[in-house]
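> got a sequence here, can you model it:
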Amino acid sequence: MQLPLQITFRGLPHSDALESAIRERAVKLDRFHPRITSCRVVVEQAGRHQHQGKQFVVRLDIGVAGSEIAVNRDHHEDAMVAVRDAFDAARRKLEDHAREQRGDVKSHGV
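Model (predicted):
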């Protein structure tokens with residue numbers, strides 16, 4: 001990654017274990033797309049639900065050459081699982097974006 005990783009915690013205290021897990025997964029994203037220029041991660045504790053406990057939301061904004069990939073749909077009761085799911089979704093989006101840039105994806109003729 002060319003630019004530093006930005007990690008923000010909202011509504012929960014800073015966690016060294018969570019931050020190190022995020023850093024490890026962010027470094028691995030470089031294998032799936034060679035031109036990542038930035039990565040911003042926001043871990044947020046959402047409001048309490050009536051029947052569920054605390055919900056964690058993880059948002060990723062990944063800058064790649066010429067565009068930005070965003071993942072912001074992951075909710076889970078465990079922050080580590082929410083981070084894992086968000087980075088898995090980001091990996092799939094990065095792979096798709098790299099395929100499109102290489103021209104491996106066929107376009108349908110209209």
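> give me the three-state assignment for the closest residue to Phe87 other than its chain neighbours.
Nearest non-adjacent residue to Phe87, counting by C-beta to C-beta, 6 or more residues apart in numbering: Arg25, 4.3 Å away. Backbone N, C-alpha and C define where each C-beta goes, glycine included. Recorded secondary structure, Arg25: helix (DSSP: H, G, I helix; E, B strand; the rest coil).
> what's the neighbour count on Arg25?
If you count neighbours by other C-beta atoms under 10 Å, Arg25 ends up with 19.
> residues contacting it?
Val83, Arg84, Phe87 (C-beta atoms under 8 Å, 6 or more residues apart in numbering).
> before we move on, which element is the closest residue to Met80 other than its chain neighbours in?
Excluding the flanking residues, the one nearest Met80 by C-beta to C-beta, 6+ apart is Ala21, at 6.2 Å. In this assignment (DSSP states H and E), Ala21 forms part of helix 16-29.
> for the record, mean pLDDT for the helix ranked longest in the chain?
Longest helix in the chain by number of residues (criterion: DSSP state H): helix 79-102. Helix 79-102 comes out with an average pLDDT of 88.
> swap in stretch 7-27?
Stretch 7-27 comes out at a mean pLDDT of 92.
> identify each buried residue in it, please.
Ile7, Phe9, Leu18, Glu19, Ala21, Ile22, Arg25, Ala26 (16 or more other C-beta atoms under 10 Å).
> just checking, the first one touches Ser20?
No - at 10.2 Å, Ile7 and Ser20 do not qualify as touching, with contact defined as C-beta atoms under 8 Å.
> now Ser67: closest residue in space that isn't a chain neighbour?
His97 (7.2 Å).
> can you check Arg73 too?
Leaving aside its sequence neighbours, Arg73 is closest to Ala89 (7.3 Å, by C-beta to C-beta, 6+ apart).
> check which element follows the helix holding Ala21 along the chain.
strand 36-46.
> circling back to that earlier point, could I get the buried residues of stretch 7-27 as JSON lines with distance to Arg40?
JSON lines is the format used below for those (distance: C-beta to C-beta, whole Å):
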{"residue": "Ile7", "distance to Arg40": "8"}
{"residue": "Phe9", "distance to Arg40": "13"}
{"residue": "Leu18", "distance to Arg40": "15"}
{"residue": "Glu19", "distance to Arg40": "14"}
{"residue": "Ala21", "distance to Arg40": "16"}
{"residue": "Ile22", "distance to Arg40": "11"}
{"residue": "Arg25", "distance to Arg40": "14"}
{"residue": "Ala26", "distance to Arg40": "10"}
